[in-house]
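Structure, please.
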Amino acid sequence: MAERPNLRFLFAHPAHFLALGCGSGLAPKAPGTFGTLFAWGSFLLFRPYFSDFQLLLFFAAAYLAGIWLIDVTGRKLGDPDHGSIVWDEIVPFWLVLLLTPDDFYWQFGAFQIFRFFDIVKPQPARYFDQHVKNGFGVMADDLVAAGYTLLALELLKIALA
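Sure, this is the predicted structure:
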C-alpha cells in the first residue's frame, strides 16, 4: 500500500485537499468514518443556506469533480483508492443527509447504515471497488452505498409507520 500522506501532501494541490476531505482523511485509523463525520458536520453548516435543488446541483458538480480529484490524488499516492481519500464518502453522504429526516436520530442511523454498506460493499459496489480502479470507480462504489442506505432508511420509515 502507498505511504500515508501528511499535511505537506494535503496542501500541495487543491485536488489533494478536497480528495482528503479537508484533512479528515489523514486520521490514522478509520479515515472513511472520519470523512463521513466531516460530511455530516459540514452538511449541518451549509444546509440552512441552500434549497434542495441548489444542493442537488452542487452535489452533482461535487460528484463529477470528485472523479477528477480522486484520479489526481490517487495517481500521486500510487493507489487509486488510498484509504486517506474520503471525498467518495463525503459527497454521497451529503446526498443521504439531504434525503434523510432533519432529526439527529435519523441522521445518526443514516451514518451507521452508510458506513455499514460502505464497508460491506454489496453488489454492484463490490464490482466498482474491485474492477474499476479510477476516480469513477471509487466514487461509484460509495454512491451505491448511499443508494442502499436510502433504501434501508425508507424501509425503516415504513416499518415504523
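
if I read this right, residue 7 contacts residue 22, doesn't it?
No. Using CB atoms under 8 Å, residue 7 makes no contact with residue 22, being 11.8 Å away. Placement of C-beta: from N, CA and C, glycine included.

Strands along the protein, start to end?
Using DSSP state E, no strands are assigned anywhere in the chain.

Give me the below-cutoff pLDDT ranges for it.
1-2 (pLDDT under 70).

hang on, the earlier thing: residue 7 and residue 22: which is more packed in?
Using other CB atoms under 10 Å as the criterion, residue 7 and residue 22 rank with residue 22 on top: 16 against 10.

My guess is the more buried one contacts residue 38. True?
Yes. When contacts are counted by CB under 8 Å, residue 22 is listed as touching residue 38 (6.7 Å).

Let me see the contact set for the residue nearest the centre of the chain.
Nearest to the geometric centre of the chain sits residue 89, at 1.2 Å (CA atoms, centre = their mean). Contact analysis of residue 89 by CB atoms under 8 Å, 6 or more residues apart in numbering lists 21, 32, 35-36, 39, 118, 142.

Pull the most distant pair out of those.
21 and 118 (13.7 Å; CB to CB).

Tell me how far the nearest residue to residue 6 once chain neighbours are set aside lies from residue 90.
Of all residues not flanking residue 6 in the chain, residue 26 sits nearest, at 7.3 Å (CB to CB, 6 or more residues apart in numbering). Noted for residue 26: a distance of 14 Å to residue 90, by CB to CB, to the nearest Å.

Any idea how far stretch 29-46 is from the middle of the chain?
8 Å (CA atoms, centre = their mean, to the nearest Å).

let me redo that: stretch 26-45
The answer for stretch 26-45 is 9 Å, by CA atoms, centre = their mean.

How about that stretch, which residues are buried there?
26-27, 31-40, 42-43 (16 or more other CB atoms under 10 Å).

now, which of those residues sits nearest residue 113?
Checking the buried residues of stretch 26-45 one by one against residue 113 (CB to CB), the nearest turns out to be residue 36, at 11.0 Å.
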